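Q: Coordinates for the following, if possible.
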Amino acid sequence: MSFSEIERSIIKKYRKELWCPFIKSVKRYELVREGDKIAVCISGGKDSFLLAKCMQELQRHGEAPFSLEFIVMDPGYAPQNRALIEENAARLGVPVRIFESDIFAVVDSVGTGSPCYLCARMRRGFLYEFAKKCGCNKIALGHHFDDVVGTTLLSMFYGAEIKTMMPKLRSTSHEGMELIRPLYAVRERDVVAWAEYNGLKFLNCACRFTERVADKEEESKRREMKQLVAQLEKTNPAAADNVFRSLHNVALDCIVGWRKGGKRGNFLDEY
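A: Numbers count the residues shown, from 1 in each chain. The predicted structure is shown next:
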C-alpha cells in the first residue's frame, strides 16, 4: 500500500481503535499546544512509526498549529536494522533525521547491572539533547495503553508502590523540555492489527543485548504482567481497562499513605 492509503487506514478503518484514542489523549492530557515544536522519537518499531503518522495527521487537520521533527537515534544498529528503519520511513512518508550515538558500545563495556535500564536512561538523554538542538520543546514517545497498565502492575507487585507511566512529564535535567505520550490510550493489539493490515514489517528489537537479557528479571517480569492481563481478560474483558481507569479515579479518602514532592502523608494526619 502507498503511504496515503496507510494514512487513510488510521483515520478510516482503524478510526475507533487508533485515531479516536489518540485524539482523546492529546485533548484530555493537553499534550499539544499552539506553537509547540515536537520531536517525534522513532525507534524503528511499530509504535513509534504509528505515532509519527498520527502526529502528521494531527498537524494537517488539528486546530492548533505546531511543527514536527522526526528524529531517529542510531545507538549502534546493525546495518540491516538501520536500513529497515530508513526504508519504512520512506515508505510511510516520514522525513526522519538520523543522528548517531555510542550507547550500545558504552552499555556493552559496563557489562554489569541492567543493560535495558542503563540504555533507556542514556537514550532519553541523547534524545532530549538532539531535540533541543533542533529547536524543539517537547519529545513524543510511542508508549501505549499496555505499557501504562504493565508499568502500574509492576510497581505494585514488585515495587511495593502505586505509580504509573505518566502521559506527560517535565524534564528535570533539560530545562524547558517536556515528554509526551500521545498513544497513551491505544491498545497494542490494535497497533499490531494496523501493521498487519498494511503489510508493514517493523523492527521488533534491534538491541544487541536482546539474547543476553531475554530471561533476565526486567524482561521476564514485563512478560509476566502481559500474561497476567491476558489471563484476567479471559474471565473479565474489562480487566485492563479497569486498571487504566483506576489511575484516573483514585479515592484519596481510602488511601492509607502517600508521598508527594519528597514528603510523606498518612490518613492519620487528618483522621
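
Q: Tell me how many other residues surround the nearest residue to residue 128 once chain neighbours are set aside.
A: Leaving out its chain neighbours, the residue that sits closest to residue 128 by CB to CB, 6 or more residues apart in numbering is residue 174, at 4.3 Å. In this view, the C-beta of every residue, glycine as well, is placed from N, C-alpha and C. By other CB atoms under 10 Å, the residues close to residue 174 number 17.

Q: ok but residue 174 is inside a strand, no?
A: No. Under the criterion used here (DSSP: H, G, I helix; E, B strand; the rest coil), residue 174 is coil, not part of a strand.

Q: Could I get the contacting residues of it?
A: Shown in contact with residue 174 (CB atoms under 8 Å, 6 or more residues apart in numbering): 128-129, 132.

Q: next one: residue 129
A: Counting by CB under 8 Å, 6+ apart, residue 129 has contacts residue 174.

Q: tell me the secondary structure for it?
A: Per three-state DSSP, residue 129 ends up helix.

Q: pLDDT at it, what is it?
A: At residue 129, the model reports a pLDDT of 93.

Q: Residue 242: how many residues sit nearby?
A: Neighbour tally, residue 242, other CB under 10 Å: 12.

Q: nope, residue 65 is what I was after
A: By the measure other CB under 10 Å, the count of residues near residue 65 is 9.

Q: pretty sure it contacts residue 35?
A: Yes. At 7.4 Å, residue 65 counts as touching residue 35 under the criterion of CB atoms under 8 Å.

Q: From residue 188, how far out is the closest residue to residue 195 other than its chain neighbours?
A: Nearest residue to residue 195 in three dimensions, chain neighbours excluded: residue 46, at 4.8 Å (CB to CB, 6+ apart). As judged by CB to CB, to the nearest Å, residue 46 and residue 188 stand 9 Å apart.

Q: And these two? Which one has more around it.
A: The residue with more neighbours, out of residue 46 and residue 188, is residue 46; 22 against 17, by other CB under 10 Å.

Q: max-length strand in the protein?
A: strand 67-74 (DSSP state E).

Q: Return the set of buried residues in that one.
A: By neighbour count on 16 or more other CB atoms under 10 Å, the buried set for strand 67-74 is 68-74.
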